[in-house]
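Participant: Sharing a model prediction with you, sequence too.
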Amino acid sequence: MYLAARWFPGHLTQMDRAECLDLLDRNEVGRVAFGDPAGPLVLPVNHVMVGERIVFRTAPRTVISNHVGTGSVSYQIDEFDTYTSSGWSVLARGTAEFVDGVWLKAHDVEPEPWTNGQRTLFVCITPTEITGRRVVPT
């Protein structure tokens, strides 16, 4: 892996908001990040998009549900190819709140969790900032 990066160096280019939103819409799995008393925490979830909002499900009394509404969150998706040293990363920062199923049905979406268990809470991240970078081989 290290040799591939040496043979195929890349450079970073900024992606515009529209490209970032397109990648968020076309991909299902990302990582939600926030700070808790023990320090930063990053957890994988699968999501759907409602306009520019990121929506996923969680269970009651989990570390994610306990954090909703208490501060800022980040959400990241990415894809990389170590052989060609190419890829991209999208980062959304904002706030998270609970939404109900009626709100989701009005938008004709409902995220389906990949994991077992009762995920009865819907979390909506409203980004205040969406940025992205692409690693392009040179």
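Facilitator: Perfect, thanks for sending it.
Participant: Going by C-alpha atoms from here, please, whenever you check contacts or count neighbours.
Facilitator: Will do.
Participant: Rank the helices and strands of this protein by mean pLDDT and give me the bottom one.
Facilitator: helix 2-7 (a mean of 45; mean pLDDT, DSSP states H and E).
Participant: After that one, heading C-terminal, what element do we hit next?
Facilitator: Next along the chain after helix 2-7, taking DSSP states H and E as the criterion, comes strand 10-15.
Participant: quick one: contacts of that following strand?
Facilitator: Strand 10-15 is contacted from outside by 85-86, 131-138, using CA atoms under 8 Å, 6 or more residues apart in numbering.
Participant: again, only this time at 10 Å
Facilitator: 20, 84-90, 130-138 (CA atoms under 10 Å, 6 or more residues apart in numbering).
Participant: do the same with stretch 55-70
Facilitator: 28-29, 32-36, 41-43, 45-49, 73, 95-99, 104, 109-115, 117-126.
Participant: Give me the buried positions along it.
Facilitator: Using 16 or more other CA atoms under 10 Å as the test for burial, stretch 55-70 gives 55-58, 64-65, 67-68.
Participant: Give the burial count for residue 79, as a bare number.
Facilitator: A count of nearby residues for residue 79, using other CA atoms under 10 Å, gives 12.
Participant: any idea of the mean pLDDT for the helix or strand it falls within?
Facilitator: Per DSSP H and E: residue 79 is located in strand 72-81. In this model, strand 72-81 carries a mean pLDDT of 95.
Participant: now it: how far from the chain's centre is it?
Facilitator: 5 Å (CA atoms, centre = their mean, to the nearest Å).
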